[in-house]
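1. Please find the sequence and the predicted model below.
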2 protein chains.
Amino acid sequence: MAEYDLLTIGNAIVDIIARGDDAFLEQEKIQKGGMTLIDADRAEHLYASMGPGVETSGGSAGNTIAGFVSLGGKGAYVGKVSNDQLGSIFGHDIRSLGVDFETRPLEGFPPTARCMIVVTPDGERSMSTYLGACVELGPEDIDEAKIAAAKVTYFEGYLWDPPRAKEAIVNAAKIAKANGRSMAMTLSDSFCVDRYRGEFLDLMRSGTVGIVFANEAEALSLYETEDFDHACDQLAKDAQEFAVVTRSEKGCVVIAGDQRIAVPADPVDKVLDATGAGDLFAAGFLRGFTMGLDHEKSARLGVAAAGHIIQQIGPRPQTPLTELPAVKAVLG
Amino acid sequence: MAEYDLLTIGNAIVDIIARGDDAFLEQEKIQKGGMTLIDADRAEHLYASMGPGVETSGGSAGNTIAGFVSLGGKGAYVGKVSNDQLGSIFGHDIRSLGVDFETRPLEGFPPTARCMIVVTPDGERSMSTYLGACVELGPEDIDEAKIAAAKVTYFEGYLWDPPRAKEAIVNAAKIAKANGRSMAMTLSDSFCVDRYRGEFLDLMRSGTVGIVFANEAEALSLYETEDFDHACDQLAKDAQEFAVVTRSEKGCVVIAGDQRIAVPADPVDKVLDATGAGDLFAAGFLRGFTMGLDHEKSARLGVAAAGHIIQQIGPRPQTPLTELPAVKAVLG
């Protein structure tokens, strides 16, 4: 029996979310809808230019495990914070949900990572990330027993940005494989795909990763195509278990061999803040998958969790996702 | 001409807002709807028991000046943070709104104050405050020129909790008086009134404070009565300029000599988080007052700002209050 339904690995980040308009993005040369890495100087400059913020624990894989346990799953997380106030907040928030989080915090410099998120009036979020302590995540942070004990280990493509995290992932994948477990990843961001296209394809084609999550832009970027069906066909070949592509208001498509299962999005009144949509989709889908539900039901859980998170500020659910009618409709 | 329309003085606090139910309040012996002071050990225990939070700058008078500048006023703030990450966040948030905030941060221990706020499903907030660096606010933090340059100086009754802040207030009041300025206060909390009833009455009767904000419970507590009209009559005598009593969904009453001006609350769909309601009422009212509007119009601005803030998470407006239809209706 698996001790954890899901273990996720990612950049442990505190989000600073502020409202801003398109003119601000232009003035500060922030890529709308994307994630840009920034250094300490740029972080200081940008923070000084930004409006007042709200702080919340974030990080893609951190949001996914938060959503996953909020859906009733048992989860663990691996990510590196520093031993500072923001690191304490990150640790509190994830542990208080019941997530197992024991990665040793970094002592001293650099500080806990932060992501400055500008949310424009259309609800789109544009992210500037200072990686801080995340650059120190390495193979020594992987606990073999935990990977072996997790039905699925999931990581974010963003981990290819810090220097040593990929070693941690490759090690984790070996352990997962040796224990008959699944390895899943998200492609994270189309610019991230652009940076690591070859390596991401290798991860899939070598069978290091069997389950792939992507949004439409990431899938197109991966195969350098503008043809969505072509990207799906390629994903069908490369993702040895299955792939799921999210398409915002168009819902998602599960791609498993010759199968294509499209699930529509739930109607949403107003997108307040798109932060965490993809992360929560993965949370919902993986909750279904690890419960043994079929792809269609799993996708409906993903769509429900994503649809909920974009109608609130921040990427972490503030109330249990099991209380959502759309979740109850699937889980009963 | 006044350089500032409003200067506020208060405990500079970062809020940690989490969802919780009534059973949690009972289990942790938290006074529902109130503000309880806690020490470092209790803060640590309570944080460990609380669910995941969202962090935002807070503090009663800090929220008021944030709302005030969001309504187009020119403002300054005095409050003590520590030179740590939470202190940087507090400073950024208030300055990024355009508020003048130059109080020297404390170097080292204790850290920046935090208020753990449990929001129950009914939207009520229950606060546990660790005062941290606020205990070091003293007369040396008052800049005479700024008080002299502010049309109104406003402070929170909560400042009677830290040891030396009251000296700062008494000094500020002398400067304000010497420059023909108004001095305003909020009674803050009915338990706070209970702790300092005699001193608060002295502040009013001695003319140190001419304008008083209170909610119904605070007004009743001040005069140890259950008769609202009696409390209003007493306030009419004691508040030498005027008093305003807020009554939640019943709106507010402005009390000026023999005058009683009642203004109804705007209808609110759902109270998401009551944090900041009183602070934002004062912001709106004082914006009207410092613009020379009459009491009725000022109260309508207060009601509009308060009604807005309880429909979002956290006590600081995330979008400019001047964009609210109810505010536009008054300001044109």
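-> Right, received. Where do you want to start? Numbers count the residues shown, from 1 in each chain, chains lettered A, B, ... in the order given.
2. list the contacts for the residue sitting nearest the centre point of chain A?
-> Nearest to the geometric centre of chain A sits residue A:60, at 3.1 Å (Cα atoms, centre = their mean). Contacts of residue A:60 were listed using Cβ atoms under 8 Å, 6 or more residues apart in numbering or on different chains, and they are A:10, A:11, A:156, A:158, A:186, A:188, A:278, A:279. In short, each C-beta sits where N, CA and C put it, glycine included.
3. My guess is the fourth one contacts residue A:9. True?
-> When you say that, I think you mean residue A:158. No: contact status for residue A:158 versus residue A:9: not in contact, 10.4 Å apart, counting by Cβ atoms under 8 Å.
4. and the spatially closest residue to residue A:326 that is not a sequence neighbour, helix, strand or coil?
-> In this structure, residue A:326 finds its nearest non-sequential neighbour in residue A:304, 3.6 Å apart by Cβ to Cβ, 6 or more residues apart in numbering or on different chains. In the three-state summary, residue A:304 is assigned as helix, counting by DSSP: H, G, I helix; E, B strand; the rest coil.
5. Then residue A:126?
-> Secondary structure for residue A:126, judged by three-state DSSP, is strand.
6. give me every residue that touches it.
-> Shown here is residue A:126, whose contacts under the criterion Cβ under 8 Å, 6+ apart are A:25, A:30, A:31, A:32, A:33, A:34, A:117, A:118, A:120.
7. Could you give the bridge partners of the residue lying closest to the third one once chain neighbours are set aside?
-> Of all residues beyond its chain neighbours, the one nearest residue A:31 is residue A:126 (6.4 Å), with distances taken as Cβ to Cβ, 6+ apart. With DSSP bridges applied, residue A:126 shows beta-bridge pairing to residue A:118.
8. quick revisit: and the contacts of residue A:126 as TSV, adding distance to residue A:286, pLDDT and neighbour count?
-> Conversion of these to TSV gives the following (distance: Cβ to Cβ, whole Å; pLDDT from 0 to 100; neighbours: other Cβ atoms under 10 Å in any protein chain shown):
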residue	distance to residue A:286	pLDDT	neighbour count
A:25	32	98	17
A:30	30	97	20
A:31	28	95	13
A:32	29	96	13
A:33	24	95	17
A:34	24	94	16
A:117	24	98	28
A:118	29	98	26
A:120	29	97	19
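9. Identify, from the residues you listed, the entry nearest to residue A:172.
-> Out of the contacts of residue A:126, the one with the shortest distance to residue A:172 is residue A:34. That distance is 27.0 Å, counting by Cβ to Cβ.
10. what's the neighbour count on the nearest residue to that closest one once chain neighbours are set aside?
-> In space, residue A:34 comes closest to residue A:191 once its chain neighbours are excluded; the distance is 5.5 Å by Cβ to Cβ, 6+ apart. Using other Cβ atoms under 10 Å in any protein chain shown, the number of residues around residue A:191 comes to 16.
11. near chain B, which residues of chain A show up?
-> Proximity of chain A to chain B (Cβ under 8 Å from any Cβ of the partner chain) is limited to residues A:16, A:19, A:47-48, A:50-57, A:66, A:84-86, A:89, A:92-94, A:96-97, A:111, A:312-314, A:316, A:318-319.
12. Put the buried members of those residues into a PyMOL selection.
-> When burial is assessed using 16 or more other Cβ atoms under 10 Å in any protein chain shown, the buried subset of these is captured in PyMOL by this command:
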select buried, chain A and resi 16+19+47+50+51+52+53+54+55+56+57+66+84+85+86+89+92+93+94+96+97+111+312+313+314+316+318
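13. what sits against the residue of the stretch 101-250 of chain A found nearest chain B?
-> Of all residues in the stretch 101-250 of chain A, residue A:111 sits closest to chain B, at 7.3 Å by Cβ to the nearest Cβ. Residue A:111 sits next to A:82, A:84, A:86, A:87, A:132, A:133, B:85 when contact means Cβ under 8 Å, 6+ apart.
14. Over to residue A:228?
-> Residue A:228 is in contact with A:216, A:219, A:220, counting by Cβ under 8 Å, 6+ apart.
15. ok, and what's touching stretch A:185-202?
-> Under the criterion Cβ under 8 Å, 6+ apart, external residues in contact with stretch A:185-202 comprise A:31, A:34-36, A:60-61, A:64, A:154-158, A:160-161, A:166, A:203, A:208-209, A:211-215, A:217-222, A:224, A:238, A:278-279, A:282.
16. what about residue A:154, helix or strand, and which?
-> Secondary-structure assignment from DSSP states H and E places residue A:154 in strand A:150-156.
17. Measure how far that strand is from the centre of its chain, please.
-> The chain centre lies 11 Å from the centre of strand A:150-156; the measure is Cα atoms, centre = their mean, to the nearest Å.
18. That'll do, ta.
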